[in-house]
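K.L.:
just coords:
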Ligand code: EPZ
C-alpha cells in the first residue's frame, strides 16, 4: 500500500456516505458457515479484513462471490474445520464459535492484533467450555473439540468477540443458552438480526442478557449490514481537524451518542436529518475535557485515537483515558513529532496541542493510522503517512474519500 501525502489546512466541504460496518460484517461472515442455504449480504465494504475472511470461508469449502458491495456465500461445501489464514486478524477468532457449532471441532490460529495489547482469549475459552466445548491453546493455535449445548454463561467482562462466539455456538446447539454480562455493541445486534433472518431464536440482543434457543437447522437469507459507526466518527473527527463542514449520510444517531457529545464539547455544530448528520467545525477547536473509553454505550475505544488527533490540533489541554486496551496510545510519538505535547502515564494521556506542523508519520494500527491522517489534515505543511496497509484493513478508501471533499491528500500507489 502506498504512503499518503497530505498537505494540511485545507477545509473540507462536501458529502460522504458511510458504508457497511467492518465489525458487523466479519462475525456475520463467520456465521455463514452455520447456514443451511445460500446467503446474500448487502452493504459489504471492500476491506482487506473482509478479503481475509472470505479467503478463510473458501478454504473451509464455502463458495463465495463478491460483486460490488454484495457477497454471495454458499456454505454447502464446507467440510473443513481448520482455519489456516487470518493469524494476524483478531476477528478470525469468530470462527471458533461458528465451527464448533457446525462441526463440533475447530482448529484456528490464536488471534494476532498484538498492537493494542495482549489480546487474550481466556473469556472465549471459559464461555465455550461452559457449553461443553473443550478449548485449548498453545498460544499459536486454538483447538476446540465437542459439540456445544445450551448453558448458562456469564462473561467476566462484556467482551465483544466472546459474546459473538457464544451466540454463534449457541444458535444451533441443543437447549437454551442464557448469556449474562454480554457486550451491548450495535454490531452484536446486527449479528443477531442476521442469524434471526436465517431462523435463529435470539432474545435480548443489545442488553446485557441474551437468551438463545437452539434450533436444529438454519436456512439461507438476504441481509443488509449496518453502517459503520466508527467510519462515521472518523469523518467527523477529520472535519474537526481540517476545518469546514461535512454532510455524512447513513450515520445512525443512537450509535454516535458519546462521539456527538464529545465533539460538541470541542465546538462542533452538529445537526441531524433523516439518516444524515451535518457537522461544522469551529474556528478553533476547544478541549473535550476528559474522555474515558468504555464498553457500549460508553465512548468507543475505536474512536480514542481519532479524538486524540483532534485534541492535538487544539491549544487547550485534554485528557484521554483508555479503559479497554492496555496499549492504544501508539499515535503519541507520531503526534509529538508534529509538535503536540503529550504526557502518558498508564492508561492516561494529557494532550496539549496547538499549531501542528507536517512530519513523516508511521501508522502502527488501524485506528491509529486514521488518527495520523486526521492530525495531518490539521497540520501546517506536508505530512507523509506510511503503514497505510493498517488503514486499508478498516477503511475502504480513506484518502480518496477525504480528497473528494477537499482534502489535499494523495496515495502514492495511485
Ligand atoms: C472488537 O474486538 C472489535 N473488533 C475491536 O475493534 C474493538 O476495539 C473491540 O471489540 C472493543 O469494542 C472486531 O469486532 C473485529 P473485546 P474484540 O473482546 O472482540 C480483553 C477495530 O479497530 N479480553 O471486547 O477483540 C481484551 O484484551 C477493532 O475495529 C480479554 O482479556 O474486543 C481487551 O482489552 C480494534 N480476554 C478487552 O477485553 C478475552 O478473552 C476488550 O476486548 C477477550 C477480550
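P.N.:
All right, it came through fine. Note that the structure is predicted; figures quoted are calculated from it, not measured.
K.L.:
So which bits of this protein are right by the ligand?
P.N.:
Within the chain, the positions near the ligand by Cβ under 6 Å from any ligand atom are 22-23, 26, 90-91, 117-124, 157, 159-162, 185, 301-302, 324-325, 366-367, 394. The way it works is simple: take the backbone N, C-alpha and C, and place the C-beta from them, glycine included.
K.L.:
Among those, which ones are in helices?
P.N.:
Among the residues of the chain next to the ligand, the ones falling in helices (DSSP state H) are 22-23, 26, 122-124, 160-162, 366-367.
K.L.:
possible to save these as CSV with distance to residue 229 and pLDDT?
P.N.:
Converted to CSV, these look like this (distance: Cβ to Cβ, whole Å; pLDDT from 0 to 100):
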residue, distance to residue 229, pLDDT
22, 11, 97
23, 9, 97
26, 15, 96
122, 27, 93
123, 23, 96
124, 24, 96
160, 13, 97
161, 17, 96
162, 21, 98
366, 15, 95
367, 13, 97
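K.L.:
quick check, nearest of those residues to residue 53?
P.N.:
residue 26 (5.7 Å; Cβ to Cβ).
K.L.:
I'd like the distance between the closest one and residue 191.
P.N.:
Shown here: residue 26 relative to residue 191, a distance of 9 Å by Cβ to Cβ, to the nearest Å.
K.L.:
Repeat that for residue 237.
P.N.:
Remark: distance between residue 237 and residue 191 (Cβ to Cβ) = 26 Å.
K.L.:
Which single residue in the stretch 151-300 of the chain comes nearest to the ligand?
P.N.:
residue 161 (2.9 Å; Cβ to the nearest ligand atom).
K.L.:
Sketch out the low-pLDDT regions of this protein for me.
P.N.:
For the chain, the stretches with pLDDT under 70 are 85-91, 112-115, 414.
K.L.:
Okay, domains of it per the record?
P.N.:
Taking automatic domain parsing as the reference, the chain has its domains at 3-19+227-412, 22-224.
K.L.:
Could you tell me the end-to-end distance of the first one?
P.N.:
When you say that, I think you mean domain 3-19+227-412. Start to finish, the residues bounding domain 3-19+227-412 are 5 Å apart (Cα to Cα, to the nearest Å).
K.L.:
got the residue ranges for the helices in the chain?
P.N.:
Along the chain, counting by DSSP H, helices occupy 22-31, 48-59, 94-103, 122-130, 160-170, 186-197, 229-242, 257-265, 304-312, 332-337, 366-377, 388-392, 398-403.
K.L.:
and the ones you listed as CSV, adding distance to residue 291 and mean neighbour count?
P.N.:
Below are the helices of the chain laid out as CSV (distance: least, Cβ to Cβ, whole Å; neighbours: other Cβ atoms under 10 Å):
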stretch, distance to residue 291, mean neighbour count
helix 22-31, 20, 27
helix 48-59, 26, 19
helix 94-103, 29, 27
helix 122-130, 25, 21
helix 160-170, 20, 28
helix 186-197, 20, 22
helix 229-242, 12, 28
helix 257-265, 6, 18
helix 304-312, 6, 29
helix 332-337, 15, 20
helix 366-377, 13, 30
helix 388-392, 22, 21
helix 398-403, 22, 22
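K.L.:
would JSON lines of the ones you listed with distance to residue 288 be doable?
P.N.:
Conversion of the helices of the chain to JSON lines gives the following (distance: least, Cβ to Cβ, whole Å):
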{"stretch": "helix 22-31", "distance to residue 288": "24"}
{"stretch": "helix 48-59", "distance to residue 288": "29"}
{"stretch": "helix 94-103", "distance to residue 288": "33"}
{"stretch": "helix 122-130", "distance to residue 288": "31"}
{"stretch": "helix 160-170", "distance to residue 288": "24"}
{"stretch": "helix 186-197", "distance to residue 288": "22"}
{"stretch": "helix 229-242", "distance to residue 288": "10"}
{"stretch": "helix 257-265", "distance to residue 288": "5"}
{"stretch": "helix 304-312", "distance to residue 288": "6"}
{"stretch": "helix 332-337", "distance to residue 288": "15"}
{"stretch": "helix 366-377", "distance to residue 288": "14"}
{"stretch": "helix 388-392", "distance to residue 288": "23"}
{"stretch": "helix 398-403", "distance to residue 288": "22"}
